Structure formats: structure tokens, C-alpha cells
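[1] got a structure for you, letters missing:
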């Protein structure tokens with residue numbers, strides 16, 4: 001193993017994490033043959049197979065599992081050295097690593113551009129993932145900061161709320177409930193719903209919003225894409241429960257309507273999260289401070305007007 005390189009370890013880690021040579025190639029901006037070559041060289045250095053194939057799927061061998069663990073330790077050590085060197089540079093010239101759940105994709109790019117404009121030379125590494133993937137990013141120390149709605153309860157993290165995050169019920173503008181005032185939650189049991197998948201932040205927020213009424217809802221479809229859900233609602237396939245931060249364009253165009261349902265919108269918060277033991281580089285510390293001070297106003301400018309406060313259910 002003395003001739004193995006950091007590049008080979010990084011390529012192997014990407015393949016092992018994705019269990020796919022093609023997805024690793026796309027992530028690393030390499031060709032698939034280049035990825036295969038790097039993994040083969042590492043296997044040659046190790047003198048043992050790191051992957052095995054069953055049908056069309058690849059799996060880590062026992063040796064591959066150990067190599068993955070060792071690779072991540074080595075890669076992290078190099079990252080920590082880079083971060084230490086960055087601290088001597090200050091914010092300018094640093095690399096900011098941020099991961100966000102999909103609803104944040106509608107405003108975070110604007111915030112990142114604003115931040116980068118204030119700090120010359122900052123490099124932005126920005127990933128949009130679902131909740132499960134975001135927690136993996138934190139667990140594996142693959143991101144400095146995570147932007148989410150529900151900080152993990154089983155992980156030692158620092159969680160700071162920085163902006164309100166309302167969830168609303170939406171329908172096509174021609175729906176019979178559109179325009180009605182103070183709709184009882186019980187009335188929604190007659191309607192089909194098109195919603196995000198179980199386990200997502202939106203699904204968990206929906207359970208909190210509906211409480212005991214959740215079991216009586218007609219969940220017609222679960223879809224992983226918020227954009228697809230919006231199109232399904234516009235087409236008349238059902239109602240949906242969505243982040244208000246994802247529907248600004250559709251409200252302006254008049255293709256979606258927010259329903260006036262008792263107890264809605266559900267008002268939660270956006271959190272900036274990092275592991276308590278994480279040694280944040282100066283650029284990440286600066287971005288966290290930026291979110292806390294300027295995040296709410298910039299999000300409101302990007303998304304639009306705030307939804308009204310909920311009325312009391314009866």
C-alpha cells in the first residue's frame with residue numbers, strides 16, 4: 001500500500017459510497033474508465049479485491065469495508081490540514097462546504113452568492129440532498145454546515161435557528177376549496193393528497209401539522225420531487241402540504257393557491273447545524289454568522305411575502 005495515492009483513495013471512497021462507478025464518475029467529473037483505472041490501481045496496491053459484483057450491482061468485500069474506513073480517516077486528515085492552512089488565510093480564499101434539504105434550494109443559492117460577493121476568493125461547495133442524505137453528510141463529516149428544518153436528535157450537534165419556515169396547504173386555483181375561509185381540517189379528509197416521501201422533513205412536518213387527522217387523510221401518492229408534486233397539484237391530482245419557500249413562482253403566476261385552513265400555516269424554523277466537535281474553518285464561521293444576521297431578510301426578499309399566522313382550529 002505504500003504506493004497508493006490520495007487521488008486513488010478519494011476515487012475509491014466515491015465509488016464505495018455510491019456503489020456505482022458511473023455515479024462516482026459524475027460526482028468527480030471524471031470519465032468512468034478513469035474511475036475504474038484508479039480503483040484498479042488501488043486494488044493492485046492492496047493485493048486483494050475491494051469490490052465484488054452480483055448481477056448488475058457492485059458490493060464492498062470485507063477488505064473493501066476496511067479500506068473505506070481507512071480511506072475516510074486519511075481523507076479527513078488531509079481536509080483538517082487544509083482547514084488549518086485556511087485559518088491562516090482567514091475567510092478570503094477559503095472553501096465553504098454547505099449541504100441543504102431540497103426546500104432550501106429555492107433560496108440558499110441567493111444567500112451563497114450574496115455571501116461570496118462580500119468575501120473575495122471564497123469557493124462554494126453546495127449540495128442539495130434529502131434528509132437522510134443530509135444526516136449522512138453530517139455523520140461522515142462531509143460538510144461543514146447543514147441547513148435543515150429538523151436537527152437530528154441522536155447526534156451531538158450545535159443547532160441555531162436563523163429564519164422562519166412556514167408550511168402551507170396548496171391546491172389548483174380552480175379547486176372548490178380555493179378562496180374559502182377558515183376551512184376545517186376535517187374537511188380535507190375527502191381530498192386526495194400528493195405528498196413528499198415518508199422520512200423527509202416535509203413528511204415529518206406534515207405529521208406534526210395534522211396530528212391525529214393525519215391517519216384520516218387520503219394519501220394518493222408519495223413523490224420525492226417537490227417540483228413534480230407542484231405539477232401534480234396544478235394538474236388537479238390532489239392537494240399538497242409544502243414549504244411556502246418552494247411555491248413563490250407558482251403563487252405569482254396564479255397556478256397554485258394557498259388554502260385558508262384552520263391551524264395553518266405550520267410555522268417552523270430553518271436551522272444551521274454542525275457537529276459539536278467540528279472545527280469550523282473561518283469561512284464556515286463567517287457564513288453561519290451571515291445566516292443569523294442577514295438570512296431572514298434575504299430569504300423574504302427571495303421568496304416573497306410571509307404567509308399569515310394560523311387561525312385557531314375548532
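    Happy to help now that I have it. Please read all numbers here as calculations on a predicted model, not as lab measurements.
[2] if I look at residue 231, how far off is residue 170?
    Using C-beta to C-beta, to the nearest Å, residue 231 is found at 12 Å from residue 170. Any C-beta I mention is one placed from the backbone N, CA and C, and that applies to glycine too.
[3] Of those two, give the one with the bigger neighbour count.
    When neighbours are counted by other C-beta atoms under 10 Å, residue 231 and residue 170 differ, and residue 170 comes out ahead with 26 against 15.
[4] Does that one belong to a helix, a strand or coil?
    When classified by DSSP: H, G, I helix; E, B strand; the rest coil, residue 170 comes out as strand.
[5] got the contact list for it?
    230, 233, 239, 240, 241, 242, 247, 250, 256, 257, 258, 259 (C-beta atoms under 8 Å, 6 or more residues apart in numbering).
[6] Now, those residues that are in strands?
    Assigned to strands by DSSP state E, the following of the contacts of residue 170 qualify: 240, 241, 242, 257, 258.
[7] out of the residues you listed, what pair is the most spread apart?
    Greatest spacing in the ones in strands among the contacts of residue 170, by C-beta to C-beta: 241 and 257 (13.9 Å).
[8] phi, psi of residue 278?
    Torsion angles at residue 278 (phi, psi; degrees, to the nearest 10) stand at phi -70, psi 130.
[9] separation between it and residue 104?
    19 Å.
[10] more neighbours, the two?
    Shown here are residue 278 and residue 104; by other C-beta under 10 Å, residue 104 has more neighbours (26 against 17).
[11] correct me, but the more buried one touches residue 270?
    Yes - with contact defined as C-beta atoms under 8 Å, residue 104 counts as touching residue 270 (7.1 Å).
[12] Find residues that contact each of these two.
    Joint contacts of residue 104 and residue 270 (C-beta under 8 Å, 6+ apart) are 147, 148.
[13] that older thread, show me which of residue 241 and residue 257 is the more surrounded one.
    Taking other C-beta under 10 Å, residue 241 and residue 257 do not tie; residue 241 has more neighbours (26 against 21).
[14] How about the backbone phi and psi for the closest residue to residue 261 other than its chain neighbours?
    Excluding its sequence neighbours, the residue lying closest to residue 261 (C-beta to C-beta, 6 or more residues apart in numbering) is residue 183, at 4.7 Å. With angles defined as degrees, to the nearest 10, residue 183 sits at phi -70, psi 130.
[15] Helices along the stretch 101-250 of the chain, start to end?
    108-118, 131-139, 201-210, 226-234, 248-253 (DSSP state H, counting those that start in this stretch).
[16] Pull out the buried positions in the longest one.
    For helix 108-118, burial by neighbour count (16 or more other C-beta atoms under 10 Å) applies to 108, 111, 112, 115, 116.
[17] The last one against residue 122, yeah?
    When you say that, I think you mean residue 116. Yes - with contact defined as C-beta under 8 Å, residue 116 reaches residue 122; the gap is 4.9 Å.
[18] residues touching the spatially most central residue of the chain, list them.
    The centroid of the chain falls nearest to residue 101 when counting by C-alpha atoms, centre = their mean (2.1 Å). For residue 101, the contact set (C-beta under 8 Å, 6+ apart) comprises 128, 129, 130, 131, 134, 147, 148, 149, 200, 201.
[19] with these in mind, which one is nearest to residue 191?
    Nearest to residue 191 among the contacts of residue 101, with distances taken as C-beta to C-beta, is residue 200, at 20.5 Å.
[20] pLDDT wise, what is the closest one at?
    pLDDT recorded at residue 200 is 88.
[21] Look up how far residue 272 lies from it.
    Counting by C-beta to C-beta - residue 200 and residue 272 are separated by 19 Å.
[22] which one of these two has more residues nearby?
    Per other C-beta under 10 Å, whichever of residue 200 and residue 272 has more neighbours is residue 272, with 25 against 21.
[23] Now that one: phi and psi?
    Dihedral angles (degrees, to the nearest 10) for residue 272: phi -100, psi 130.
[24] so what's it bridging to?
    residue 147, residue 160 (DSSP bridges).
[25] wait, it sits on residue 289?
    No - here residue 272 does not reach residue 289: they are 9.7 Å apart, not a contact under C-beta under 8 Å.
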